[in-house]
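J.: How does the following fold in three dimensions:
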Amino acid sequence: MSGEGDMREDDSVQAGEYVLGLMDAPSARAFEARLAAEPALRGLVAAWEDDFAALAADIPEDAPPHSVWHGITSELFDAGEKRSIWARIGLGQILVGAAAAALIAFAVMQAGLLSPGATPEYRAEVAAADQSLLFTAEFDNESGSLSLTRVAGQAAPGRSLEIWLIAGDEAPVSVMVWPSDTETEEIVLPAPIAAALPGGTFAISDEPEGGSPTGAPTGDVLATGQVVPI
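T.: Next up is the predicted model:
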């Protein structure tokens, strides 16, 4: 029986190819014959299976049609050629695709072309007529997250800026009171406000410190901006 001292330099590579199902049938049979006699080689295969299983754990679940499951079970329990379970269910192709996608996403993020956070579907530029007050807003529909940035202007001393959403003929709904001296904020919108956001209009009003005491705008409307899809 062969031992660890008999391991070849490319055994780790071959173990990975076997787990991914990349070997042709004769090579796979020869490799499996070695597996039966070499515990160290079996250890390499087990290590590759664990590594690839961890990678596959990040793939979102999706219920396949019944016909797909029938085809998988037929392949797994066919009396013909027997191979690694990872190879028989075609996980090699899934993992190769997932790994490639992950590498591409990482490269794009490293290049600064994509932020690692959410990708917004809606945007608004909330501005005064003379641009003395300017906010930008971006909304990600999937996460319900609204990102706000104060580009120019601020509240008057002893006053607060309050941000409102106006949907059609509905009364303005308060989104938030802008914290003093803050440049960026990110909040998760309640579902009713998020649902009303597409096509709505943001408005910023001048309010007493801490926000409107009535639940509706009480001061001058300083800036407005329509929400538009990106």
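J.: Can you tell me how far A40 is from W48?
T.: Using C-beta to C-beta, to the nearest Å, one obtains 13 Å as the distance from A40 to W48. Bear in mind the C-beta positions are built from the backbone N, C-alpha and C, glycine included.
J.: more crowded one of those two?
T.: In this comparison of A40 against W48, neighbours counted by other C-beta atoms under 10 Å, the higher total goes to W48 at 21 against 13.
J.: Name the SS class of L148, please.
T.: Under the three-state scheme (DSSP: H, G, I helix; E, B strand; the rest coil), the conformation of L148 reads as strand.
J.: buried residues in the helix or strand where L55 lies?
T.: Using DSSP states H and E, the element containing L55 is helix 39-56. By 16 or more other C-beta atoms under 10 Å, the buried positions in helix 39-56 come out as L41, L44, V45, W48, E49, F52.
J.: Stretch 127-145 too?
T.: Within stretch 127-145, the residues that count as buried by 16+ other C-beta under 10 Å are 127-128, 133-141, 144-145.
J.: with these in mind, which one is nearest to A156?
T.: L133 (10.7 Å; C-beta to C-beta).
J.: so for the helix holding L55, what's the average pLDDT?
T.: Per-residue pLDDT over helix 39-56 has a mean of 83.
J.: I'd like to know which elements it is packed against.
T.: Based on contacts counted as 3 or more C-beta pairs under 8 Å, 6 or more residues apart in numbering; DSSP states H and E, the elements that helix 39-56 packs against are helix 11-20, helix 25-37, helix 91-110.
J.: got a list of contacts for the host helix or strand of E138?
T.: Under the assignment given by DSSP H and E, the secondary-structure element containing E138 is strand 134-140. Under the criterion C-beta atoms under 8 Å, 6 or more residues apart in numbering, residues 118-128, 145-153, 163, 189, 194, 197, 202, 204, 223, 225, 227, 230 lie in contact with strand 134-140.
J.: Type out the PyMOL command that picks the buried ones from those residues.
T.: This is how PyMOL selects the buried members of the contacts of strand 134-140, with burial counted by 16+ other C-beta under 10 Å:
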select buried, resi 118+120+122+123+124+125+126+127+128+145+146+147+148+150+153+163+189+194+197+202+204+223+225+227
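J.: So which of the contacts of strand 134-140 sit within helices?
T.: A194 (DSSP state H).
J.: Go through the contacts of strand 134-140 and flag which are in strands.
T.: Using DSSP state E, the subset of these located in strands is 122-127, 145-152, 163, 202, 204, 223, 225.
J.: Any regions of this protein where pLDDT drops low?
T.: Applying pLDDT under 70 to the chain flags the ranges 1-9, 56-118.
J.: Try it again at 80.
T.: 1-9, 52-119 (pLDDT under 80).
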